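K.L.:
A predicted structure for the sequence below; I have some questions about it.
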Amino acid sequence: MPSMSDDTIIRLMSSPLAPTPAPVEPTNEFQWRALGALGIFRLLIAVLLMAAFASSDSPRFFGELSPQLFLLSLLAWFVVGVLGAYACSTRRVPVVGLTEMQLFVDIAAISVLSLASGGAGTGIAGLLIIFIGAGSFILSSLMALFFAALATLSVLAVQVYLHAIGAIDLLEYPAAGLLSAVIFAVVLAIRPLSRRLAQSEALARQQVIDIANLAELNRYVVQQLREAIIVVDGDNEVRLVNDAAANHLGITRAMAVGKLGNLAPDLAAYVNAWRAGQPLAEVGEQTTLPGHDGARLQVHIAPFGDNSRERSPLLVFLEDVSVLAERVQQSKLASLGRLSASIAHEIRNPLGAISHASQLLAEQNSDTSIGKLTDIIERNAVRVSSIVEDIMHMSRRDSSRPKSLVLAEWLSDFVQEYVQTVQIDPRMVALRGDEAITEIIFDPGHLHQIMENLLDNARQHGQASVEHPVRISWGRAAGSRRPYLDVTDSGPGIAPENEERIFEPFFTQHDTGTGLGLYLCQELCELNRATLSYRRAEAGGSTLHIVFADPKRWSGVG
């Protein structure tokens, strides 16, 4: 669906939800439709009269008084009717002017046909009621009365002429008078009806416009919702997917057709379990699924309709839990801060005393065995001190202060600073990425801390060297188009059974590690609405994969 401009949104929001008063006079479209129907009726009547004339010999139903005049006038009326129908279809002539011309022809033709048949008593003149009445739907009141008067004069003129030549007697005049009165009565009755029909048509048109506007606005709102929405029917056929859901599924909305299981097998399995009515302990009212774009999605199901659970259409919400995780993270950090402050006061001073006593003992005693023991005490004191420092970093960390960063420029500056700080060969870190990524939204201090930790891990445990450098790459995710950043080493990688534990606090496979580095990095990513995950590199080694928040959907950037 194409996006709507601000002007369109303003127009939709400012248009009244209640129908506006309809115009009193018929609309142009209504007039053309009425004239088109009248043209079809005119041709049909001409064909029927011609068939009736051709199917009977003397005495004929119509045209008995002057058959030749009847046939010629009928053919001329039919030809003019065809031309009028063509003019009505092209709409090149004003509708009122075309109506007036056709009514003049109708009055003349019907009068001649009535004259050739024997006057008002034959019933042909009664056609004037239909044509004048139909014309009243199109013309103004004054013009409708004018044509009614013209038709009345025409009917009376035919009667007078036929009586003068002796074709009818005085008993035919009441029929002509009654016909004239009916013509006027029909015109006077149709004018209020015409206005009401015009008002009803205008009201219906306004309601159609309002419904279309509201439907368009609803589609726009659904597509712009940050929450992902999927609608499936009772057979789990996908009926609607908004942009947010398509991004999470790694597809476009045009591809979102068919069975839910073909688009998102994990989500389909959860929906099927919900439909099967499994206990909440096994299914739960909500669950968390991995998204194609790296986001963690919380699923909510809302059935609608009165069908059973197995056949009910469903509204499936996929909620990115990053915002909720950020709030929980703030609460955890506040508690951890209070705990770490107590740990610092209770552990740091005794730890310093232990380390100092160990150094004094080593200086005063030259025994080799005592020296080994003091080395052990010193190493473990340093390790405990590192753990305390990591916890203190977490406790002192403020809330995220996101800024717009040009990723390529920031990484270039960071790597240059990093290699100078740790005194390594610059060729041990390789940069490669998509320069078209203009910005990410992240706290610079947090990103610096994350990258420093990841590079330290890659150097120490990934066998980094000039021949096998740590590779930093970046780009955009295929489905969601969200920016990502990869840090890849060439080490042995993580054992499959430990891949899900590397982000747990205090989990480490090395005696010198604290087990808080990756946990701290993941917490900082979540604080900035990003995700950090582990992937086994295709060429061997490990990849730490960061997916940043969509900069177009981030608000409150400082």
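P.N.:
Structure received.
K.L.:
Mind telling me what element the closest residue to Leu43 other than its chain neighbours is part of?
P.N.:
Of all residues not flanking Leu43 in the chain, Gly81 sits nearest, at 4.9 Å (Cβ to Cβ, 6 or more residues apart in numbering). Where C-beta positions appear, they are placed from N, C-alpha and C, glycine not excepted. Using DSSP states H and E, Gly81 sits within helix 67-90.
K.L.:
any idea of the angle the following helix or strand past that helix forms with helix 67-90?
P.N.:
Scanning forward in sequence from helix 67-90 by DSSP H and E, the next helix or strand is helix 95-117. If you take axes from the mean of the first three to the mean of the last three Cα atoms, to 10 degrees, helix 95-117 sits at 170 degrees to helix 67-90.
K.L.:
And helix 95-117, what's buried?
P.N.:
95-96, 98-100, 102-103, 105-117 (16 or more other Cβ atoms under 10 Å).
K.L.:
Now do Arg205 against Ile211, distance only.
P.N.:
Distance of Arg205 to Ile211, computed by Cβ to Cβ, to the nearest Å: 11 Å.
K.L.:
These two - which one has more neighbours?
P.N.:
Arg205 (15 against 10; other Cβ atoms under 10 Å).
K.L.:
Would you indicate which residues of stretch 199-212 are buried?
P.N.:
Using 16+ other Cβ under 10 Å as the test for burial, stretch 199-212 gives 199, 201-202, 206, 210.
K.L.:
for stretch 246-265, same thing?
P.N.:
Applying a neighbour-count criterion of 16+ other Cβ under 10 Å, one finds 246-251, 256, 260, 263-264 buried in stretch 246-265.
K.L.:
any idea which of those is the one closest to Asn28?
P.N.:
Within the buried residues of stretch 246-265, proximity to Asn28 (Cβ to Cβ) peaks at Ala256, which comes in at 41.7 Å.
K.L.:
And the nearest residue to that closest one once chain neighbours are set aside, how close does it get to Arg219?
P.N.:
Excluding its sequence neighbours, the residue lying closest to Ala256 (Cβ to Cβ, 6+ apart) is Val241, at 3.8 Å. Here the criterion is Cβ to Cβ. By it, Val241 lies 12 Å from Arg219.
K.L.:
Please say which of the two ends up with more neighbours.
P.N.:
Neighbours were counted for Val241 and for Arg219 using other Cβ under 10 Å; Val241 has more, 28 against 14.
K.L.:
residue contacts, the more buried one?
P.N.:
By Cβ atoms under 8 Å, 6 or more residues apart in numbering, Val241 lies in contact with 229-231, 249, 251, 253, 256.
K.L.:
Export those as JSON lines, with columns for pLDDT.
P.N.:
Formatted as JSON lines, the contacts of Val241 follow (pLDDT from 0 to 100):
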{"residue": "Ile229", "pLDDT": "81"}
{"residue": "Ile230", "pLDDT": "84"}
{"residue": "Val231", "pLDDT": "85"}
{"residue": "Leu249", "pLDDT": "75"}
{"residue": "Ile251", "pLDDT": "75"}
{"residue": "Arg253", "pLDDT": "70"}
{"residue": "Ala256", "pLDDT": "73"}
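K.L.:
For the residue nearest to Ala256, give me phi and psi.
P.N.:
Backbone torsions of Val241, given as degrees, to the nearest 10, read phi -140, psi 120.
K.L.:
same check, this time on Val429
P.N.:
Dihedral angles (degrees, to the nearest 10) for Val429: phi -130, psi 120.
K.L.:
Contacts only, for the residue lying closest to Val257 once chain neighbours are set aside.
P.N.:
Closest residue to Val257 apart from its sequence neighbours, by Cβ to Cβ, 6+ apart: Val238 at 6.3 Å. Applying Cβ under 8 Å, 6+ apart, we find Val238 in contact with 230-232, 256-260, 263.
K.L.:
From these, pick the one nearest His468.
P.N.:
Checking those against His468 by Cβ to Cβ gives Leu263 as the nearest, at 39.3 Å.
K.L.:
How much space separates the closest one from Glu227?
P.N.:
18 Å.
K.L.:
same check, this time on Lys552
P.N.:
In this structure, Lys552 and Glu227 are 16 Å apart, going by Cβ to Cβ.
K.L.:
Over to Asp456?
P.N.:
Distance from Asp456 to Glu227, by Cβ to Cβ: 38 Å.
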